[in-house]
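# Okay, here's the prediction I keep looking at, along with the sequence it came from:
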Amino acid sequence: ETGVTQTPRHLVMGMTNKKSLKCEQHLGHNAMYWYKQSAKKPLELMFVYNFKEQTENNSVPSRFSPECPNSSHLFLHLHTLQPEDSALYLCASSQGSLNTGELFFGEGSRLTVL
Amino acid sequence: DQQVKQNSPSLSVQEGRISILNCDYTNSMFDYFLWYKKYPAEGPTFLISISSIKDKNEDGRFTVFLNKSAKHLSLHIVPSQPGDSAVYFCAASALRSNDYKLSFGAGTTVTVRA
């Protein structure tokens, strides 16, 4: 139990579907992140939110839309995805700009796009 | 452009022996380095870190060595145990530049043989 909870753990969707991934952190952190992990590749930073404000969008296609209503919750809205978007999507949190760089990760949402 | 590289995708070691994982980086602004461990179906968890003001940090069976001139760090696990079988990610950040985002390597899968 890392204090970061992601739902759903597994998601299968068609290319025309709209779905959302949810992340909640119970650590009192100020920053939240979405990472993408594809097989045999480095974790790829997608979005960063610091105090609910988006501070990083790492050239992510617009079919991925993040939402951070408060510093404890983070969503990733998905629509018209492609099969190559199939991956493990990891949410993480940290203390933000005052941290030592350590991230606390959720267990991930395994996404399969058919 | 991948700034953190783990050139060995896998490592197999006998129980009780030493595991040595290597990591190279290219960004000279990196000043804080971390190792994460990931089991299947779980998110990465923090293992050990080192600041650029040090060249060694030890925590129980885990020791991280940093060679700044070579832009190289390594993780030593001794003695290796079956529970150490996991994927290990090297990560780096540039905290002095207020860039607390982590850049990750592609990971090394460690298998400890009984």
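Noted; the coordinates are in hand. Numbering: from 1, shown residues only, chains lettered A, B, ... in the order given.

# how about low-confidence regions in chain B?
Applying pLDDT under 70 to chain B flags the ranges B:98-100.

# May I ask you to name the longest strand in it?
When chain B is scanned for its longest strand (criterion: DSSP state E), the result is strand B:86-94.

# so what strands line up beside it?
Using DSSP bridges, strand B:86-94 pairs in its sheet with strand B:32-38 (antiparallel), strand B:99-104 (antiparallel), strand B:108-113 (antiparallel).

# between these, which one is nearest to A:His29?
Taking CB to CB as the criterion, A:His29 comes closest to strand B:99-104 out of the strands paired with strand B:86-94, the separation being 11.9 Å. No exception for glycine: its C-beta is placed from N, CA and C like everyone else's.

# and A:Pro83, backbone torsions?
Dihedral angles phi and psi of A:Pro83 (degrees, to the nearest 10) take the values phi -60, psi -30.

# That one: neighbour count?
Residues contacting A:Pro83 under the criterion other CB atoms under 10 Å in any protein chain shown number 9.

# residues in contact with B:Gln3?
For B:Gln3, the contacting residues are B:Tyr25, B:Thr26, B:Asn27, B:Phe30, B:Ala92, B:Ser103, taking CB atoms under 8 Å, 6 or more residues apart in numbering or on different chains as the criterion.

# scratch that, A:Phe104 is what I was asking about
For A:Phe104, the contacting residues are A:Thr2, A:Gly3, A:Val4, A:Gln25, A:Leu27, A:His29, A:Ala92, A:Ser93, A:Ser94, B:Phe46, by CB under 8 Å, 6+ apart.

# hang on, the earlier thing: show me how to select, in ChimeraX, the buried members of the contacts of B:Gln3.
The ChimeraX command for the buried members of the contacts of B:Gln3 (criterion: 16 or more other CB atoms under 10 Å in any protein chain shown) is given here:
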select /B:25,27,30,92,103
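
# Make CSV from the contacts of A:Phe104 and add secondary structure, distance to A:Glu107 and neighbour count to it.
Output for the contacts of A:Phe104, formatted as CSV (DSSP: H, G, I helix; E, B strand; the rest coil; distance: CB to CB, whole Å; neighbours: other CB atoms under 10 Å in any protein chain shown):
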residue, secondary structure, distance to A:Glu107, neighbour count
A:Thr2, coil, 8, 19
A:Gly3, coil, 11, 14
A:Val4, strand, 8, 23
A:Gln25, strand, 13, 23
A:Leu27, coil, 15, 13
A:His29, coil, 17, 20
A:Ala92, strand, 11, 27
A:Ser93, strand, 13, 28
A:Ser94, strand, 17, 24
B:Phe46, strand, 15, 17
